[in-house]
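Engineer: sequence and computational prediction follow.
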Amino acid sequence: EATIYYDEDAQRSQIEDKTVAVLGYGSQGHAHAQNLADSGIDVRVGLKEGSASREAAREDGLEVGTPKEVAAGADIVSVLVPDTIQPTVYEQIEEELEPGNTLQFAHGFNIHYNQINPPEDVDVTMIAPKTPGHLLRRNYENDQGTPALLAIYQDATGEAKEEALAYGQAIGCTRAGVVETTFREETETDLFGEQAVLCGGIASLIKQGYETLVDAGYSPQMAYFECLNEMKLIVDLMYEDGLGGMWDSVSDTAEYGGLTQGDVVIDEHARENMEEVLEAVQDGTFAREWIAENQAGRPSYTQLRQAEKNHEIEAVGAELRALFAWADEETEDEQEKVTA
Ligand code: NDP
Ligand code: MG
Ligand code: MG
């Protein structure tokens, strides 16, 4: 059972006199930086010279410098540039880390797979909000909380957890609850989830379903509606009330057919495949492959992306989604990039 921390478990004194360097001003970076600033914490944003984000951060009233400049005066360095870029940015700030400083992350990949190896005399912590950054920001402004994960990789000061909780409080996460985990657990479950179930699993499920119907002679438009468009309605029901809420809301026919046929489709082979995917995450095979892919300039990634774009379901979908233009405003938030 994971421990969950709330506002009363965090002490503001653990962060109020500290300076935080937020590296990156994208999804997470803009939200952490603005929430910290509104909580009265001294924040500076670290970005490359000439970076597109610099103007945005300045317009939001924040002080900006290069990653090295802002890390130099900081007690806490929050690393919120894209995961594949973090090792390079870390090299720029490494010599600015002083004993007792903190390296703070929102995902564990680079620490867990040793792509960043911090000195032993700094704290290494994680506060990972469980939503995209724009929701973290909006919830804060609306006096609501955003759940987050907390993990401590290295506790040099003996107060790493207390400070991480205070950071979580300052960005509005302890209002909702901060769940304790480890860098290993967060990284491995995150990678497994996005590969096997969320991004990879669901996309393949949709494509296979679509192709099965189209190959059997049904219209691509019908196949799109049944296999992709309706997915959102079903997922919304699960999100609100779990699997039970979904089963209760669909027809008895859908419930009976779903309960008998679901395991026929996602059978023990699929389960064995999932175990293989998990093993590749656990033994570092996936991480090595992805790091090498980046070092090589992303040749396979570029190809796979293009092939996915070329799938027939995308053309059919673009046409049909135009019919739903009235829904654009409501779904604007959901269209913003989500890192699972
Ligand atoms: P983004 O892709 O949104 O970060 C983009 C930002 O990083 C931009 O401001 C960009 O500036 C800056 N950046 C890019 N390269 C550099 C560089 N070389 N030097 C300095 N700044 C640079 O990242 P996310 O917010 O998605 O992810 C940040 C972290 O948060 C990751 O560890 C991720 O796993 C984690 N996370 C993300 C979630 C999400 O929903 N997005 C959810 C939970 C965790 P420029 O304008 O110059 O391009
Ligand atoms: Mg139906
Ligand atoms: Mg992820």
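Structural biologist: Structure's in. What do you need? Ligands and ions are numbered 1, 2, ... in the order given.
Engineer: nearest residue to Tyr25 in space, please, no chain neighbours.
Structural biologist: Setting aside the residues directly before and after it, Tyr25 is nearest to Ser53 in space (CB to CB, 6 or more residues apart in numbering), at 3.9 Å. (C-beta placed from N, C-alpha, C; glycine too.)
Engineer: if I look at the one you found, how far off is ligand 1?
Structural biologist: Applying CB to the nearest ligand atom, to the nearest Å, the value for Ser53 to ligand 1 is 3 Å.
Engineer: try Thr19
Structural biologist: Distance, Thr19 to ligand 1, using CB to the nearest ligand atom: 18 Å.
Engineer: in this structure that residue contacts Ala72, no?
Structural biologist: No. With contacts defined as CB atoms under 8 Å, Thr19 does not count as touching Ala72, sitting 10.1 Å away.
Engineer: tell me which of these two has more neighbours.
Structural biologist: Applying other CB atoms under 10 Å to Thr19 and Ala72 shows that Ala72 carries more neighbours, namely 18 against 15.
Engineer: for the more buried one, what are its contacts?
Structural biologist: Glu96 (CB atoms under 8 Å, 6 or more residues apart in numbering).
Engineer: mind checking what secondary structure the residue of the stretch 151-300 of the chain found nearest ligand 1 has?
Structural biologist: When distances are taken as CB to the nearest ligand atom, the stretch 151-300 of the chain reaches nearest to ligand 1 at Asp190, 8.0 Å away. Per DSSP: H, G, I helix; E, B strand; the rest coil, the secondary structure class of Asp190 is helix.
Engineer: how far off centre is the helix of greatest length in the chain?
Structural biologist: Looking only at the chain and at elements set by DSSP state H, the helix with the highest residue count is helix 231-249. Per CA atoms, centre = their mean, to the nearest Å, the displacement of helix 231-249 from the mean C-alpha position of its chain is 22 Å.
Engineer: same check on stretch 102-115?
Structural biologist: The gap between where stretch 102-115 is centred and where its chain is centred comes out at 13 Å by CA atoms, centre = their mean.
Engineer: hang on, the earlier thing: check which residues of the longest helix of the chain are buried.
Structural biologist: Neighbour-count burial for helix 231-249 flags Leu237, Met246, Trp247, Ser249 (criterion: 16 or more other CB atoms under 10 Å).
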